[in-house]
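Chemist: Below: sequence and its predicted model.
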Amino acid sequence: MPIHFKMPELAESVVEGEILKWFVNEGDRIHKDQPLVEIMTDKVTVEVPSPYDGVILKVLHPVGAIVPVHQDLVIIGAEGETAGGDGPAVGVAPPARTQHSRGAAEPATRGDAGRPLAAPAVRKLAREKGLDLSGIRGTGEGGRVTREDVEGAAAGRLAAPAAVEQPAAPVQARGLESKRVPLRGLRRRIAQQMATAKRTAAHTLTVDEVDCTSLVELRARMKPEAERRGVKLTYLPFIIKAVLAGIREYPMVNASLDDERQEVVYHGQFNVGIAIATKDGLVVPVIKDVAGLSILEIARRIEDLAGRAQAGKLTLEDVTGGTFSITNIGSIGALFSFPVINVPEVCILGVHTIQKRAVVKEDRIVIREMMYLSTSFDHRVVDGAEAALFSRVVKRYIEEPELLLLEGL
Amino acid sequence: MTATDVEVLVIGSGPGGYHAAIRAAQLGKKVTVIERDRVGGVCLNWGCIPTKALLHAGELHRQVSRGAEMGILVKEVSVDLQALNGWKDRVVARMTGGVSALLRSGKIALVEGQARFSGQDTVEVAGKDGKTAYRFDHAVIACGASPISLDAFEVDQKQILDSNAAVQLERIPKRALVIGGGAIGLEFATVYNRFGAEVTVVEFFDQILPGADVDMVKALQRAMSKQGVEFHVQSKALGVLKRTKTSLRVEIETPEGKKSLEFDLVLVAVGRRPNTAGLAPEAAAVRLDDRGFIAVDQQRRTSNPKVLAIGDVTGNPMVAHKAMKEGIVAAEVIAGRKSAFDVLAIPVCVYTEPQLATVGLSEEEAKQQGYGVKVGKFPLAASGRAATMGEPEGLVKVVGDAETDRLLGLHIVGPGASEIVSEGALAIELGATVEDIGLTVHPHPTLSEAVMEAAENLHKRAIHIANR
């Protein structure tokens, strides 16, 4: 009896997933725990193993499809079984047939058959969409790639194996390229998240200028010691601790808004999300329960999360549970920014470049290590005064980092 | 010399060039075309159009001459060569005039002269009034090919002609020697033969139309032999032994030994070579392949990203319709479109008597490429339409993949073959099976029925012949 394997519940609050990659083709044998499919949720990418031994009878969704949790993903059967029965599997040919059809799926070896079977207009469409026909599964008679196949593949382009290799076109001037790229995968998640944030949260900004001279000196002194312990010490762990101090006094910035139930959720833990730019786009892994971690441990966590973010190896656990976010554009050299809140959180702190500036201290112009600190908050939950006061606390703990020691933060 | 800036410079106004120019203009480009001789190139002036005019006139002559069998009695059929050439020239003038008008309506500038690259993006044109220089955003080389000459047969365009001169049918030879059994040679052999000449064809390779399907070549050679054309394959015309004002004694080496034969006209049609001399492609860093053709990719780009090349100058098959398609592709690529020359099969037509038309793989090619090959054949002797035309000579052959039944090649010898072969091109492009063709209703009585019957014969179920 064929088994309809369903989209698993990958995490609480995850309601759908996008198919990034099938590790199997119809007709393939598969063993229990062998990778079956790669799925991207709005949080993270997960490799789902097969729960059974058997043969892949029918792949029900192409790469790029967004499938709700609990919907059938794939039909797995015993050897020789067919994907009969009801539902989407009706009329599916036995896998042996698929193996025989020459065309898209299997690279043919001879003559013009090296090209996939497709009509001229379909070839043109694939070319215009930048798709390689040989990477598209043909569903037509004898493995023909149909117009629908190409359109389906274009919709799921993120994971399409290969774009048509065209040498740098002479028609494109000075390295610029005109193209349209479908909004898929992480980019789509980011787009949705940012639009939701801007549509719902009442973004308001408060800014302080922070004298980091003491922190710069402190960090310079501690850096070699941290290095001896195998950790690269940046300013960020100190700033995170300073935020913790601010949150203790103004807990509303470490809250979330539950729109549906019309409740403000105050969090008993400070779990800080760190915005990290990867080649695929922005991800926000979370350091959990900062209160229980030393500066060194925070530095170590940041290093670990950043490394795994770049490698695309973050787990669902890594990217969930945040209560507050920090975006550090200072590492790129940015002087100032207005960050978008990572909803349903209500506050995000923008950390910027530290640079020597002439400032007035006790009526004298002196050179200090200065930084802008921008607090972007949801005015629905946090009032301007609260945010400004929170910012003042953070500022104070950055300017006088020895306070952290005093309070054992 | 100050250079005039142009967006798209097309070198050559033959079928490839004018297609590229018009398509580029349609896509909003400012186009300049350079032509060193006549608008329309070889196709309109010395190739496709005038030869088909001559062949059609010859066909009319033949049909009238043999009308007695069908009860059409014509007392005396004679040929007025001056009138014939005049009609042919008017046809050519109409077609070239049409191309000129199309270029004008596309606001395409036409410049007369020989183009020569002087840099990566510059061309000098030597015209009647001296040199002019152009700097281009993109150039399309579409300058074609010219007849190859033979040392032993120096072309004087009187007794020894090349194909360019032969289209001006100054006289009808009594005994003509055609050196080269390719498409051009065979078509002129047909022209001479239709007007009553004795024709001998000498081919260096082991069959006329080298590379064509062997069955088809045999069918064509048999039909032409019946009309009196003499063939020597695996043979070589060595040279002129003796020459008078009216005759040439030519020594021919055949597998049976050397022969000495007398002719009053020799046509040299041993192939064509790309017109790269004088173009200086190296000045623009445009690379040639090891056979001297301009090397291009699927977008018809050369090794210089600003320069594209199309048509005969890029290699075989040297047929106008390939150049036309490439011209469109090149223009679209220049305009930033994702275009490519991705055709699976280019039909090739030879307007002999009967015609030979072919698309896709020959049986031999299909086997070489590793297909399990199945063939189906249908002789026109079994075609009702062929019988009503009094043209029973001919054969249709389909080549299919035994495993998938896909049509790999369609080959036709018979009247109107050139008009029927497109069905095969469409089938191959669509990936149709031989069965698809066999199951498609073809009208009766037509010659195209023979295609359906040949397809059914592959599956041993043709109706009008014993299926072996």
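Modeler: Ah, there it is. Numbers count the residues shown, from 1 in each chain, chains lettered A, B, ... in the order given.
Chemist: give me phi/psi at residue A:391?
Modeler: Reported as degrees, to the nearest 10, the phi and psi values for residue A:391 are phi -60, psi -40.
Chemist: Wait, a strand at residue B:408?
Modeler: Yes. Secondary structure of residue B:408 (DSSP: H, G, I helix; E, B strand; the rest coil): part of a strand.
Chemist: How many residues are close by it?
Modeler: 30 (other CB atoms under 10 Å in any protein chain shown). For every residue, glycine as well, the C-beta is placed using N, CA and C.
Chemist: so what's it scoring on pLDDT?
Modeler: Confidence at residue B:408, expressed as pLDDT, is 97.
Chemist: mind checking the end-to-end distance for stretch B:224-240?
Modeler: 26 Å (CA to CA, to the nearest Å).
Chemist: got a list of contacts for that stretch?
Modeler: For stretch B:224-240, contacts defined as CB atoms under 8 Å, 6 or more residues apart in numbering or on different chains pick out B:150, B:152-153, B:177, B:179, B:181, B:186, B:189-190, B:193, B:198-208, B:221, B:248-255, B:258-259, B:266, B:352-353, B:393.
Chemist: what about burial for those residues, which qualify?
Modeler: Buried by 16 or more other CB atoms under 10 Å in any protein chain shown: B:150, B:153, B:177, B:179, B:181, B:186, B:189-190, B:193, B:198-204, B:207-208, B:221, B:248, B:250-253, B:266, B:352-353, B:393, out of these.
Chemist: from these, which ones fall inside strands?
Modeler: B:177, B:179, B:198-202, B:248, B:250-253, B:266 (DSSP state E).
Chemist: Quickly check those for the two that are furthest apart.
Modeler: B:198 and B:253 (20.3 Å; CB to CB).
Chemist: Next to chain A, which bits of chain B? Give me the list.
Modeler: B:138, B:297, B:299, B:301, B:305-306, B:333-340, B:342-345, B:361, B:366, B:369-371, B:401, B:403-404, B:406, B:408, B:429-431, B:433 (CB under 8 Å from any CB of the partner chain).
Chemist: Can I get the buried part of the residues you listed as one ChimeraX selection?
Modeler: Burial among the residues of chain B next to chain A is assessed by 16+ other CB under 10 Å; the matching ChimeraX selection reads:
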select /B:138,299,301,305,306,333,334,335,337,338,339,340,342,343,344,345,361,366,369,371,401,404,406,408,429,430,431,433
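Chemist: where does the residue minimising distance to the centre of chain A land on pLDDT?
Modeler: With distances taken as CA atoms, centre = their mean, chain A has residue A:283 as the residue nearest its mean C-alpha position (4.0 Å). Per-residue confidence at residue A:283 stands at 91 (pLDDT).
Chemist: ok, now which ones touch it?
Modeler: Counting by CB under 8 Å, 6+ apart, residue A:283 has contacts A:186, A:275, A:276, A:309, A:314, A:319.
Chemist: same thing but at 10 Å, please
Modeler: A:43-44, A:186, A:189-190, A:273-277, A:305-306, A:308-310, A:312, A:314, A:318-319 (CB atoms under 10 Å, 6 or more residues apart in numbering or on different chains).
Chemist: all helices of chain B, in order?
Modeler: For chain B, applying DSSP state H gives helices covering B:15-26, B:41-45, B:48-65, B:81-105, B:163-166, B:183-194, B:214-226, B:320-334, B:363-368, B:384-388, B:417-420, B:422-430, B:434-439, B:449-458.
Chemist: can the ones you listed go into TSV with extra columns for distance to residue A:31?
Modeler: Shown next, in TSV, are these (distance: least, CB to CB, whole Å):
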stretch	distance to residue A:31
helix B:15-26	55
helix B:41-45	63
helix B:48-65	63
helix B:81-105	65
helix B:163-166	68
helix B:183-194	60
helix B:214-226	53
helix B:320-334	48
helix B:363-368	41
helix B:384-388	63
helix B:417-420	55
helix B:422-430	40
helix B:434-439	40
helix B:449-458	44
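Chemist: So for residue B:284, which of these sits nearest?
Modeler: helix B:320-334 (15.4 Å).
Chemist: ok, for the residue in the stretch 51-200 of chain B that chain A sits nearest to, nearest residue in space, not its chain neighbours?
Modeler: Taking CB to the nearest CB, chain A has its nearest neighbour within the stretch 51-200 of chain B at residue B:138, 6.6 Å off. Of all residues not flanking residue B:138 in the chain, residue B:334 sits nearest, at 4.6 Å (CB to CB, 6 or more residues apart in numbering or on different chains).
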